[in-house]
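[1] Structure for this input, please:
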Amino acid sequence: MNFSLFIAKRIYSGKETGKQVSKPAVRIAMFGIAIGLAVMIVSVAVVIGFKDEIKGKVIGFGSHIQISNFDSSLSYETRPVVTNDSIIKVISSIPGIKHVQRFSTKPGMIKTDDAFQGMVLKGVGQEFDPTFFRKNLVEGEVPAFNDSSSSNEVLISKALANKLNLKLGDKIYTYFIQNEVRARRFVIKGIYQTNFSEFDNMFLLTDIHTVNRLNQWEPEQSTGMELQITNYDDLDKVAYNVYRHVDKQVDKYGGVYYMQTVKQLNPAVFAWLSLLDMNVWVILILMLGVAGFTMISGLLIIILERTNMIGILKALGAKNYSIREIFLYFSVFLIGKGMFWGNVIGLLFCFVQSKFQIFKLNPETYYIDHVPVEFNIWLFLLINVCTFLAAVLMLVGPSYLISKIHPAKSIQFE
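    Coordinates of the predicted model:
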């Protein structure tokens, strides 16, 4: 067996490690590693979970890529483009596109006996994917929308329903101003809640036929198309292919196709999410610093306590390099034990929070009512590997203290 490894194991497993001085130092060093690693695991899991939750809500309302009329890209009072079967077929054939659906919007107002509220009526067709709204449905059901007749049914947010004192099955009156005031009556078929106030306070969902009639558009026209892609990581690549096919093209009514990604449509939200990455890096660096500092302190205390042993080993012919290896091996054992408990604490927190959602958030501020966690096995392994390497490398420098210890003096050291 390797001489340095053999001595390190004897020191680690022997009763001598329980000395008055080294015992607290060893425990503090392992505690620092465990807490530092646990905090890093939890921080990364929470930030990834939070970013995915917010991105999911933004994409759920507007999809990954949106194609609309260039003249109406900054307003809900939109100009139409042709979105017939042929253009949908062309876009659907682009690699990476998973789903294409049409939509139309019309800003208006809901009025009850004692209140009124501005809103945007969003119309969708029979190809509409209701997965996102079903996931966030709190009452009723998502209506079966189509593009050939008016259903007179709407999906409304819980935020709007509470503001206007509305409930499932109520009839609501909406008003739209164009050349004249036009009124429509709808029945509340379902109530959803995403806690994303920017959208919850604005959108009502109904069939695209009704909205197109309000806008006085042709059946083949609509505000635009929403494109879902297979993999979010390929967003820029897929968006470029879509751009090549449709952007700046002109339809037969003179409408100019204009493509925008979800990042371009919601720059403030994604800028905010990108800041979270910086926060994570700060936490990771601080926790590595704390873990490294406790390990360095522990190692120095153990070296000083075993000065007598170091002197004897040198007198017997052991080289500085071999003795340094002994203490580095010993430190690796401590780091491994600390990392074990750090993983246990971090993963246990993630599991409990994901199952029971113990820690809550204010949805008005964070757009979600609990602390989300998402476990990524590759990031988990990367954090462990980087923590181990960083902790060991930080101990290489302090281990050179051994070369300063003189055998003749150290043998008499108590």
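
[2] Any buried residues in the longest strand seen in the chain, and which?
    Using DSSP state E to define each element, the chain has its longest strand at strand 97-111. With burial defined by 16 or more other CB atoms under 10 Å, the residues of strand 97-111 counted as buried are I97, H99, V100, Q101, R102, F103, S104, T105, K106, G108, I110. Placement of C-beta: from N, CA and C, glycine included.

[3] right, and the helix or strand after it?
    Helices and strands here follow DSSP states H and E; after strand 97-111, the next one along the chain is strand 116-124.

[4] Buried residues, the next helix or strand after that next one. List them.
    Downstream of strand 116-124, the next assigned helix or strand under DSSP H and E is helix 131-135. Neighbour-count burial for helix 131-135 flags F132, F133 (criterion: 16+ other CB under 10 Å).

[5] name the helices or strands packed onto the very next helix or strand once past helix 131-135?
    As assigned by DSSP H and E, the chain's next helix or strand after helix 131-135 is strand 137-140. Strand 137-140 is packed against strand 181-192, with contacts defined by 3 or more CB pairs under 8 Å, 6 or more residues apart in numbering; DSSP states H and E.

[6] So for the strand it packs on, mean pLDDT?
    For strand 181-192, mean pLDDT rounds to 94.

[7] outside of it, which residues touch it?
    The contact list for strand 181-192 (CB atoms under 8 Å, 6 or more residues apart in numbering) reads 133, 136-143, 152-158, 161, 166-176, 204, 206, 210, 214.

[8] Is there a quick PyMOL command that grabs whichever of those are buried?
    Buried subset of the contacts of strand 181-192, written as a PyMOL selection, criterion 16+ other CB under 10 Å:
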select buried, resi 133+136+137+139+140+142+143+153+154+155+156+157+158+161+166+172+174+176+204+206+210+214
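
[9] Helices - which of the contacts of strand 181-192 land there?
    F133, K158, A161, T210, L214 (DSSP state H).

[10] close enough to count as contact, the last one and K106?
    Put plainly, it is L214. Yes: the criterion here is CB atoms under 8 Å, and L214 meets it with K106 at 4.9 Å.

[11] so what's in contact with these two at the same time?
    What both L214 and K106 touch, as defined by CB under 8 Å, 6+ apart, is the set L121, F176.

[12] Pretty sure I91 sits against Y243.
    No: using CB under 8 Å, I91 is not in contact with Y243, being 11.4 Å away.

[13] more crowded one of these two?
    Just comparing I91 and Y243: by other CB atoms under 10 Å the higher neighbour count belongs to I91, 20 against 17.

[14] what helix or strand is the more buried one on?
    helix 85-92.

[15] Would you mark the buried spots in that helix?
    Per 16+ other CB under 10 Å, helix 85-92 contains these buried residues: I87, I88, I91.

[16] now swap in stretch 222-236 and tell me
    By neighbour count on 16+ other CB under 10 Å, the buried set for stretch 222-236 is S222, T223, G224, M225, E226, L227, Q228, I229, L235.

[17] what sits against H99?
    E127, D129, L227, Q228.

[18] how about the last one, secondary structure?
    Classification of Q228 by DSSP: H, G, I helix; E, B strand; the rest coil places it in strand.

[19] just checking, it touches H64?
    Yes: contact criterion CB under 8 Å: Q228 and H64 qualify, at 5.7 Å.

[20] just to revisit the earlier point, closest one of the buried residues of strand 97-111 to G317?
    Nearest to G317 out of the buried residues of strand 97-111 is I97 (CB to CB; 72.0 Å).

[21] what is the closest one paired to in the beta sheet?
    I229 (DSSP bridges).

[22] where do the strands sit along the stretch 151-300 of the chain?
    Per DSSP state E, counting those that start in this stretch, the stretch 151-300 of the chain carries strands over the ranges 153-157, 171-177, 181-192, 203-207, 221-222, 224-229, 257-261.

[23] Compare those strands and give me the one nearest M339.
    strand 224-229 (37.9 Å).

[24] if we can go back for a sec, need the strands of the stretch 151-300 of the chain in JSON lines with distance to A268, can you?
    Putting the strands of the stretch 151-300 of the chain into JSON lines (distance: least, CB to CB, whole Å) gives the following:
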{"stretch": "strand 153-157", "distance to A268": "20"}
{"stretch": "strand 171-177", "distance to A268": "28"}
{"stretch": "strand 181-192", "distance to A268": "23"}
{"stretch": "strand 203-207", "distance to A268": "18"}
{"stretch": "strand 221-222", "distance to A268": "26"}
{"stretch": "strand 224-229", "distance to A268": "20"}
{"stretch": "strand 257-261", "distance to A268": "14"}
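
[25] Could you work out which of the ones you listed reaches nearest to F375?
    Here strand 224-229 is closest among those (CB to CB), at 23.8 Å.

[26] Please report the distance of the closest residue to G123 other than its chain neighbours from T365.
    Spatial nearest neighbour of G123, excluding adjacent residues (CB to CB, 6 or more residues apart in numbering): V211 at 3.1 Å. Relative to T365, V211 is positioned 32 Å away (CB to CB, to the nearest Å).

[27] now I296
    Per CB to CB, I296 is found 40 Å from T365.
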